[in-house]
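S.K.: Got a predicted model here, sequence first, then my questions.
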Amino acid sequence: MAATASIETVPSAKRHQRACVECKLVKTEEQFLKDGCENCEPRLRLAGSDDRVAKFTTKNFFGMIALMDPAKSWVGRWQGINTCVPGVYAMSVNGRRPAAQEDEYEED
């Protein structure tokens, strides 16, 4: 997982936010469609796919953490996101990869 700061990893709006079910990164649906997930894109391939964004992200999450320097953050270590890109993360996500997608995900 990369560790470069970018404004694209911060949600651009307060509405229509979604969290990646894999790394908990929070962005708007439009941002996931445009750029995918900066942490999981090589595996999930969200960019440009409405279907994959709907399957691998969720609106059902609790709390948010703004992580500016993941490698030095005790909160990042506690949440298991200290190797992720700086950005906004959900504290917990209610959802998981769809069972039908498990094989497709594992092949990559």
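M.R.: Cool, got the structure. Residues are numbered from 1 along each chain as shown.
S.K.: Next up, the contacts around Ala47.
M.R.: Contacts for Ala47 (C-beta atoms under 8 Å, 6 or more residues apart in numbering) come out as 32-36, 41. C-beta coordinates here come from the backbone N, C-alpha and C atoms, glycine included.
S.K.: repeat for His16
M.R.: If you count contacts by C-beta under 8 Å, 6+ apart, then His16 has 28-30 around it.
S.K.: Weed out the non-buried ones from the contacts of Ala47.
M.R.: 32-33, 35-36 (16 or more other C-beta atoms under 10 Å).
S.K.: Could you dump those into a markdown table and include pLDDT and distance to Gln79?
M.R.: Formatted as a markdown table, the buried ones among the contacts of Ala47 follow (pLDDT from 0 to 100; distance: C-beta to C-beta, whole Å):
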| residue | pLDDT | distance to Gln79 |
| --- | --- | --- |
| Phe32 | 94 | 20 |
| Leu33 | 94 | 25 |
| Asp35 | 92 | 22 |
| Gly36 | 94 | 21 |
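S.K.: Show me those that map onto helices.
M.R.: 32-33, 35 (DSSP state H).
S.K.: Tabulate the contacts of His16 (a markdown table), appending pLDDT.
M.R.: A markdown table is the format used below for the contacts of His16 (pLDDT from 0 to 100):
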| residue | pLDDT |
| --- | --- |
| Thr28 | 93 |
| Glu29 | 93 |
| Glu30 | 93 |
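S.K.: Pick out whichever of these sits closest to Val85.
M.R.: Thr28 (16.2 Å; C-beta to C-beta).
S.K.: Distance of that closest one relative to Ala71?
M.R.: Thr28 sits 26 Å away from Ala71, going by C-beta to C-beta, to the nearest Å.
S.K.: No further queries at this time; thank you.
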